[in-house]
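# got a predicted model here, sequence first, then my questions.
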Amino acid sequence: MESLKKNADFKNCYQNGKSYVNRHLVMYVCGNGKDGNRFGISVSKKVGNSVVRHRTTRLIREAVRLHETEFLPGHDIVFVARVRAKEIGYFRMENALLHLIKKAGIRK
RNA sequence: UAAGCAGGGCGGGUGAUCGCGGUCCGGAGCAUUCCGGACUGAGGAAAGUCCGGGCUUCACAGGGCAGGAUGCCGGAUAACGUCCGGUGGAGGUGACUCCCAGGCCAGUGCAACAGAAAUAUACCGCCAGCGGCGCACGCAGGUGUGCCGCGGGUAAGGGUGAAAAGGCAGUGUAAGAGACUACCGUCUUCAUGGUAACAUGGAGAGCCAUGUAAACCCCAUCCGAAGCAAGACCGAAACGAGGACCAUGGGCUUGCCCGGCCCGUUCUCAGGUGGGUCGCUGGAGGCUGUCGGUAACGGCAGUCCAAGAUAGAUGAUCAUCCAAGACAGAACCCGGCUUACAGCCCUGCUUAUUUU
RNA sequence: GCGAUAGUAGUACAGUUGGUAGUACGCCACCUUGCCAAGGUGGAGGUCGCGAGUUCGAGCCUCGUCUAUCGCU
């Protein structure tokens, strides 16, 4: 999967995209005018120490990887972990993610 | 067996499926990239960033001042505020542990409250002398005693305080006082042992004097600055400089021509942005043996190569075993310190109890 | 990666040569008023972020540690 790298890409998504929220995640979506999707993951220092943040990032990335084909193409999507996200395992993270993309209407 | 002390080690394992970073090999491809295979992929603290060094760039004739750091002695080391071994002090029955442990007779500052007095004094007290008044004895001179006053001698005793001009016992005295004596302490000096810190012993000084230097300061030693986002190299586009080209194509200067300027095409150069490559992991390296050293550590020989990401790679699911998995994620590299940490194992030693 | 600053009452802040921790607002009680506000009087409230050390004695000095905020690249 292709990832968002530049700070400007994230800023663009925050300002021009639409946001969807649930208990564990925040998702920002905006169009990018390309064939595929690009994903960004953001976990702030408030969530925990380095080990906790890395684990949270990996859970989100794994969930995105396994469900990448279910996304409608042509979007930049940023996932932001909320503080409660550090307490959950993979399956609840997966459910949270699927819930959000269904809510946003970008699931096939 | 119980309690404890010191040192060292480990820090979940195995398998299956899907997935990620790196190196090498093979194939496709030849700017890039894709496919397959093999190997490999976080720590004891990777952490805090508290010290020290390597490396890189900049600065620099030499010296001093300022500023900072360290501080018993000897050794180890590339270096250190680290480590090792001693000395002194403190704690523990003990194994053993802990200590920023130089200098307030170079100078300056501070010591609230209480207390008479805080670095110098005399409040109460003690003591004799002189003067006055009273009482007792006495014929009287006078003697004894009490109170008051005067100028003196004292620092034993009193209470305050964290701390009151060595302690304690005796001699001595009007009362006292290192005034004198013994012991202990302090200081000076000599001898012996030790590389030294220092220890032990002898002799002397009657003892001019508190604490605080994690107060200023003094003394000795050390220190140029910044950091891999350091730095080196390659270099799109756009901008800039110079040259060449022109069917003289367009515009401006103009009534027109010449001339000049800008745009155009192309070449060279400079700076070095987006980006890329290097720095980047073979090193004060690990392990084993041996030799020197009490040890820290060092010498020699053999053997091994063990992450290198660049918005940042180790994950997910399932099965299974057990003691049910704590603290926690490399970002140029090393040596330390400090802090966090579920639990497990090994070695040596101490104390107590019991048995032989 | 490299640094800097701060932490004191519920809140915002003082606190100098180290010597009994204070100010304002807020809080509580009383007075005033028919009632409320304003005003007046009195009172409570602090492990000085935490742990060691130096000192006779630390909010203050030293070391370690935690949290928050900010800066440079």
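Right, received. Where do you want to start? For clarity, every value in this text was computed on a predicted model and none was experimentally measured.
# ok, how many other residues are close to A:R58?
Neighbour count for A:R58, taken as other CB atoms under 10 Å: 13. In this view, the C-beta of every residue, glycine as well, is placed from N, C-alpha and C.
# again with A:T56
23.
# wait, doesn't it sit right on A:E87?
No - under the criterion of CB atoms under 8 Å, A:T56 makes no contact with A:E87, lying 10.0 Å away.
# quick one: name the residues of chain A near RNA strand B.
Counting by CB under 7 Å from any atom of the strand, the residues of chain A close to RNA strand B are A:3-5, A:7, A:41, A:49-51, A:54-55, A:57-59, A:62, A:65-66, A:89-91.
# again, 10 Å this time
Residues of chain A that fall close to RNA strand B, judged by CB under 10 Å from any atom of the strand: A:1-10, A:39-42, A:48-63, A:65-66, A:88-94.
# narrow those residues to just the buried residues.
A:4, A:9-10, A:39-41, A:48, A:53, A:56-57, A:59-60, A:63, A:88, A:93-94 (16 or more other CB atoms under 10 Å).
# residue nearest the centroid of chain A?
A:F79 (2.4 Å; CA atoms, centre = their mean).
# how far away is it from RNA strand B?
In this view, A:F79 and RNA strand B are 12 Å apart by CB to the nearest atom of the strand, to the nearest Å.
# just to be sure, that residue is in a strand?
Yes - assessed with DSSP: H, G, I helix; E, B strand; the rest coil, A:F79 lies in a strand.
# contacts only, for the residue nearest to A:I88 when sequence neighbours are not counted.
What sits nearest to A:I88 in space, not counting adjacent residues and going by CB to CB, 6 or more residues apart in numbering, is A:H24, at 6.1 Å. With contact taken as CB atoms under 8 Å, 6 or more residues apart in numbering, A:H24 is in contact with A:81-82, A:84-85, A:88, A:92-93, A:96.
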